[in-house]
Structures are given as structure tokens and as C-alpha cells.
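Engineer: here you go, sequence then predicted model.
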Amino acid sequence: MKQTREEFRQCIDELRQEFEQTSKISYLISNFIGHIAENYSTKFPFILEFIQNAVDSVPKGQKVQVRFCLRQESAQYLLTIANNGSPFSVTDIERLCGITKERKGPDKIGYKGIGFKSIAHITDHPQIYSNDCQFEFNRSYHPAPENFFFFFPHWIETPQIPAFIDAPSDWVTFALPLRDDVNIEELTQELNRLADEKASPALLLFLENLEELEVVNLLNDESLRIYKQSDDHEALVSSIKAIKGGKERTLGSWIVTHYPLSLSSKPIPPEALLEYENKRGLKKRDGDGKNTAISLAFRIERAGETVRFVKKDGAICAFFPVGAGENSSG
């Protein structure tokens, strides 16, 4: 059942009061800082986290669009991240605050809001807007200890919603005013890599629910939108198209397959899995890997009814591991 604006507001107020009045916060802070240090080594880990969270928010088969927009508002740089996934619920709020211990689901990757809290690297004032749900975390309200403010949600009154929240009302929008110490050039480069026409197809190919990814940089008036289309006659074939400067072109077509390791007649040796985990910095939790699958994408060209693998720039792409077997694709 859809929750009302008043129910969201009550949840926000109750969570804040609970944290202020109990000793939970000491555990949460230490847990949060430990997870941040343990799980992330890249400078802007939140970028892929937000894409994954949008994909995780919807059932298998529902298509998701994600839009990044970098701009300047007054004297401050601002990054907004919007998606048309499932709207926020009370449980989502609790997860972001760090009190929900359950994982998102058996076929989901995100866990306990840690990915969201990785934005502590870039902002002191994240805001969330989703239908009748509108709240923020603000360091100025809780300046100490470090990152204390990330456990205290505050309701945003409707007249205070900024004009730059221009996504459709049924989208989820995260507004991240950037701190002065954020290197805008490095962030721009990272967003450019996300929108790189050679690298970005992999995200759409392996994240099955991800249909469209857009990166808009209003600082230099550049934008790139990439999206995929499945072949009407061949479910395994996906074509990726890009729109840049108002011009559309096809980046290529791929056959995508998902190979559950549990069905393999020759299981991957434990030492090979361990080497991969160490190389990627992965950490297993209990139950992980039982339904692990490898996803493979093969670049192809079609001429009438003839299909051939591309020899030039036709390397096989692989994504490993992916959530939980049949319910995951990247």
C-alpha cells in the first residue's frame, strides 16, 4: 500500500528521535566507518552504487533509466542522480539510516545502506525526493563526531524543495551539493568514463533491468545518452545506441548469455575464485556464491539472416559474479 506524506514525515521524525535518545548511535557510527573503509577503495564509489540501487529497486523485467546531472547552483557545484525505479518506502528510509539488518533480497547486491553512505566523501547535505517523501541529512545540524549526521534524517518542507529538482514526480532524485574540497575535474573525468562509448555498453548488457543511462554535464554543455533495445525475434540479442549532440548512432549489437556455475560440469577451482576475489577486493558473506553465475557478451554483426562474431574490437565481455543465478544478470 502506498504510504502518505504524513506517514513518511512521521517515520523521519521517529527515526531521528530514536537515534538521539538511545545508545544505538555509537554502534552505528563505528559500524558505518568500518564498512566504508573496508568496502571501498575508489574515490567515487557511489556512482556505480546508485546505478545498482536503482536496478535493485524493481522486479526482474522492469526497465530502469538513470540520469546523472552535474551543474553549478549559485556558488556551489551540485550533482543530481535520478532514476525511475521504485519510489521510496519507509523501509528504504530505515535502510539508508543504517538500522535495517536485512539484505535487499536474495537476488540483490546492496546491503544496509552502506553504498549510499559512500557519498560522505563528497557531500555534507544529501537530499532525497520521491513522490511524497522528501528528506535530508545535514552535517550542520550534527557537526560531530565525524559522519554523525548520516544517521539523523530531517524532513524537508515542500516550499524548501529547490527548483533544480526537475525530474518527473514519480522519479527518485538524490541531490548532492558538493563540498568545496571535491575535485570537480576528477569527478567530471569519472562521469565521462561512465559515459564512455566503449565502456558503457557493459553496464546495459549485464544489468538486465538497466535500459537507459544518461550523463549530463551542464558545466560544459555536454551530454550522452545510451540505451539498449532487445531484438524482437531473438531475446539474447541486445543493441546499444547512443545520442550525443542530438545525433544518434548504434554502438553495436551483442549476444548476452548467463551461465550459472552451479550447472557447470567443471566447477571453477577454489583457488581461481580466491584469486579473483583478492584481485577485485571482494568480501564474501555467508551464503554468497551458492548461485553465482558468469555473464558473457559476444559482439556480433548481422547481414540479413547471417550472424557473425566481430573480429575487430569484438572482445568477449564478462561479468562475474552476479547476484543469484537465474534472477540476476549483472
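Structural biologist: That came through fine.
Engineer: contacts only, for residue 15.
Structural biologist: By C-beta atoms under 8 Å, 6 or more residues apart in numbering, the contact list for residue 15 reads 93, 94, 97, 99, 152, 153. Bear in mind the C-beta positions are built from the backbone N, C-alpha and C, glycine included.
Engineer: in helices, which of these fall?
Structural biologist: Judged by DSSP state H, the contacts of residue 15 include 93, 94, 97 as members of helices.
Engineer: in CSV: these, plus pLDDT and neighbour count.
Structural biologist: Listed next are these as CSV, based on pLDDT from 0 to 100; neighbours: other C-beta atoms under 10 Å:
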residue, pLDDT, neighbour count
93, 88, 22
94, 84, 18
97, 79, 25
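Engineer: now the helices for the stretch 101-250 of the chain?
Structural biologist: Ranges of helices within the stretch 101-250 of the chain are 114-117, 184-194, 201-206, based on DSSP state H, counting those that start in this stretch.
Engineer: weakest of these by average pLDDT?
Structural biologist: Lowest mean pLDDT within the helices of the stretch 101-250 of the chain: helix 114-117, a mean of 72.
Engineer: ok, residue 257 - contacts?
Structural biologist: Residue 257 makes contact with 236, 295, 296, 297, 298, according to C-beta under 8 Å, 6+ apart.
Engineer: I meant to write residue 213 there.
Structural biologist: Residue 213 neighbours (C-beta under 8 Å, 6+ apart): 51, 65, 66, 67, 194, 195, 200, 203, 204, 225, 226, 227.
Engineer: got the contact list for the fifth one?
Structural biologist: Residue 194 makes contact with 47, 68, 200, 203, 213, 215 under the criterion C-beta under 8 Å, 6+ apart.
Engineer: what's the closest of the residues you listed to residue 147?
Structural biologist: Closest approach to residue 147 among these (C-beta to C-beta): residue 47, at 19.5 Å.
Engineer: and that closest one, what's its pLDDT?
Structural biologist: Residue 47 is assigned 89 on the pLDDT scale.
Engineer: hang on, it in a helix?
Structural biologist: Yes - assessed with DSSP: H, G, I helix; E, B strand; the rest coil, residue 47 lies in a helix.
Engineer: which ones are touching it?
Structural biologist: Listed by C-beta under 8 Å, 6+ apart, the contact set of residue 47 reads 68, 190, 191, 194.
Engineer: burial of residue 20, as a residue count?
Structural biologist: Per other C-beta atoms under 10 Å, the neighbour tally for residue 20 reads 11.
Engineer: residue 228 now?
Structural biologist: Residue 228: 23 surrounding residues under other C-beta under 10 Å.
Engineer: do you know the pLDDT at it?
Structural biologist: 89.
Engineer: what bridges to it?
Structural biologist: Counting by DSSP bridges, residue 228 is bridged to residue 240.
Engineer: quick one, what contacts it?
Structural biologist: The neighbourhood of residue 228, defined by C-beta under 8 Å, 6+ apart, consists of 201, 204, 205, 210, 211, 212, 238, 239, 240, 241.
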